[in-house]
Structures are given as structure tokens and as C-alpha cells.
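Asker: requesting a structural model of the entry that follows:
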Amino acid sequence: MNLKILIADDERPARNKLRSHLKDESGIETIAEAQNGLEAVEVIRNDAPDLVFLDIQMPGMTGFEVIESVGPDVMPATVFVTAYDEFALKAFEVEAVDYLLKPFDRDRFRQAFQRALNRIERRTWDRSRLFRLLEGVRPGPAYLERIVVREGGRLFFIPTKDVLRVSAQENYVELHTSSGSHLIRDTLNHLETRLDPEKFARIHRSDIVNVDCIKELQSWSHGDYIVVMKDGSRARLSRRYQDRLLHRFK
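Answerer: Below is the predicted model:
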């Protein structure tokens, strides 16, 4: 099948064990590794692996937060790896999501791996299970609280509350904050689904704004408005999106 596989686990022995098991399997093109959640998000976004072995209890960014950052709707087929999270295991079993409970043997690995392969081959990988899983392990909708940014060789988080505005830039989106702007590889449509609609509003096909960071609205031409942000930046509010924003001020 020429599969691309990602192993995301902060423990080197655990990554080595999975890599060793995978080397005995056929049809694998590449095996990438990530030692934390930030690296996992970056690999998934840039390399689009077919299958991810995802540790849940990683420091700094859990497996659940990886899914939230990438987006359940675009997440590859996933086998969760956990040492003790009984609540998560119950959720996995209910939603029929594959998992490996540490310590696992070769037979248990092959069982999970074959199930994942069958779903990939038959195109029966149901991402809606990830939405239901996140709803089961987290209170409320799984909206982003932090956005992963890569600049040079550095990966870091930007809290969504610090984002003033988000704009489309060809194959990227630009995050505007009070301290500067940052590019991430994503689409505005996809990122919109990951942001809390109570805090962020689409105002134009190229712009989303943080409602709490709006300073004022100024009338413009043809029924449009100009949105002035607290940092002084401006963006156009088109008629198509007015209802999404103006109802908040009535």
C-alpha cells in the first residue's frame, strides 16, 4: 500500500517498540516520529500520513489536543496509545476507535494495525468518531484554545484569545496579534470550524475577527462597514457576513 506512518510518543522506548513492530509489516513506505504533540501536529499538517500511532499522555500537548489542533475532519486514521486512561478506553470501545494499552505485545499490535489497514483500504475510516470521542472526554465543543505556529526551527503556541484577526494568504492563513503576525499552513474555511463562534466571527471571505478585540464599526459604501480593531488595523465587513457580526450588537 506504500503507507506513510507517524509514531507520536514522548518516550523513546515506546517509539522504538512501535517502529520495531512496523518493520515486520509490508506495504509501509515511510515511518516518521514525533516526540511531542507540537511535532505531531506539524508532521500531520505537512506530510499527511495515512496512519498515526498517537500517545494520549504527552507533556505540553496531549493526544486529544493534537486532534483538536489538526481538526478531527482531516485527521488521518489513528491508533491511540495509552498507559492507563480508563475513561478514554471506554470511549474508544464505545466508538470502536482503535487503541493500544501499554504494555502491549506483538499480537495485540498486529490486531490494531490490521484493523487500521482494513479501514484505510476500504475507506471506512469514520472521522465522525473522533468528534464524538472528543465530546465524550472534554466538556463542551472541542474548539481551539491554542494554535500551533512554526517559525524557522521553533514550534510554539499562540492562545486564541490573543489573536485579533485571521486573514487568508493564498495557501496559508495569517494570525494577527498585538505583538506581530504569524503564518500557518491552513485554510480560512477549515480554521473557522475550529474557532469558537461565540468569540470569532467571519466578516469577509478573507477575514475572521476576534469579537472582543473590535473597537468600532464605521459605515462605508454600498452597505458595507469597516471593522476597526483595538490595535488600529482595519478589515472590511461585507454584506454577505453582516448578520454573523451585527446581531451581537443589537
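Asker: for residue 120, helix, strand, or coil?
Answerer: What DSSP: H, G, I helix; E, B strand; the rest coil gives for residue 120 is helix.
Asker: what about it, distance to residue 42?
Answerer: 22 Å (Cβ to Cβ, to the nearest Å). C-betas here are computed from N, CA, C, even on glycine.
Asker: now swap in residue 71 and tell me
Answerer: Taking Cβ to Cβ, one finds residue 71 at 14 Å from residue 42.
Asker: can you show me the helices along this structure?
Answerer: Using DSSP state H, the helices assigned to the chain run over residues 12-23, 37-47, 63-70, 86-95, 106-121, 128-137, 188-194, 242-246.
Asker: just name the most buried of those helices.
Answerer: Mean neighbours per residue, mean count of other Cβ atoms under 10 Å, is largest over those for helix 63-70, with a mean of 23.
Asker: which helices and strands does that one pack with?
Answerer: With contacts defined as 3 or more Cβ pairs under 8 Å, 6 or more residues apart in numbering; DSSP states H and E, the packing partners of helix 63-70 are helix 37-47, strand 51-55, helix 128-137, strand 146-151.
Asker: go again using 7 Å as the cut-off
Answerer: Packing contacts for helix 63-70, counted by 3 or more Cβ pairs under 7 Å, 6 or more residues apart in numbering; DSSP states H and E, involve helix 37-47, strand 51-55, helix 128-137.
Asker: same question for it, mean pLDDT?
Answerer: Over the span of helix 63-70, the pLDDT mean works out to 88.
Asker: quick one: that helix to helix 37-47, angle?
Answerer: If you take axes from the mean of the first three to the mean of the last three Cα atoms, to 10 degrees, helix 63-70 sits at 40 degrees to helix 37-47.
Asker: output the lowest mean pLDDT helix or strand found in the chain.
Answerer: The weakest-scoring helix or strand in the chain, judged by mean pLDDT, DSSP states H and E, is helix 86-95 (a mean of 62).
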